[in-house]
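*Asks:* task: produce atomic coordinates for the following.
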Amino acid sequence: MTQAAKRILLVDDSRVARLTLQHLIKLTDATAEITQAANGDEALAVFQPNAFDLALLDFNMPGIDGLELGQLIREQDKKIHLVLVTANIQDTIVTRAKNMGIGFLGKPVDSEQLANLLKS
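*Replies:* Predicted coordinates:
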């Protein structure tokens, strides 16, 4: 039995960051279905419970930040895997993310770390 394609919500206000992440994801998993959003509002507009397996969330975005977005998504979908992807690696942010059950990936994204994340 083949595994269904991973459905990934990719949220970052930087178009370059989104395209780079999408490229890295496709190198690891060519079958991944990726939906992009440029900010929290766009992400919430396309988000539906059980529509995604994984959400990669930038922290610093206009409007709501990645942790707030993660909380709003988690309230609608308990099973989705959330990962904060950010260059803002302050201990307080990493700790808040962990306490919320949100994974953490620093920027620039390491392709090996991303590959391990996608396999888990």
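*Asks:* run the chain-centre distance for the helix or strand where Ala17 lies.
*Replies:* In the assignment (DSSP states H and E), Ala17 maps to helix 15-28. Using Cα atoms, centre = their mean, to the nearest Å, we find the averaged C-alpha position of helix 15-28 to lie 12 Å away from the chain's own average C-alpha position.
*Asks:* now swap in stretch 109-120 and tell me
*Replies:* For stretch 109-120, the separation from the chain centroid amounts to 12 Å (computed by Cα atoms, centre = their mean).
*Asks:* tell me the secondary structure for Phe104?
*Replies:* Recorded secondary structure, Phe104: strand (DSSP: H, G, I helix; E, B strand; the rest coil).
*Asks:* scratch that, Ala5 is what I was asking about
*Replies:* Using three-state DSSP, the secondary structure recorded for Ala5 is coil.
*Asks:* skip the chain neighbours and tell me the closest residue to it.
*Replies:* In space, and not counting its chain neighbours, Ala5 is closest to Thr31: 4.2 Å by Cβ to Cβ, 6 or more residues apart in numbering. For the C-beta atoms, the positions are set from N, CA and C on the backbone; glycine is no exception.
*Asks:* wouldn't the one you found be in contact with Lys6 here?
*Replies:* Yes - taking Cβ atoms under 8 Å as the contact criterion, Thr31 and Lys6 are neighbours in contact, 7.4 Å apart.
*Asks:* what's the angle between the helix or strand in which Glu112 is found and helix 15-28?
*Replies:* Glu112 belongs to helix 111-119 when elements are defined using DSSP H and E. Here helix 111-119 runs at 70 degrees with respect to helix 15-28, directions being taken by axes from the mean of the first three to the mean of the last three Cα atoms, to 10 degrees.
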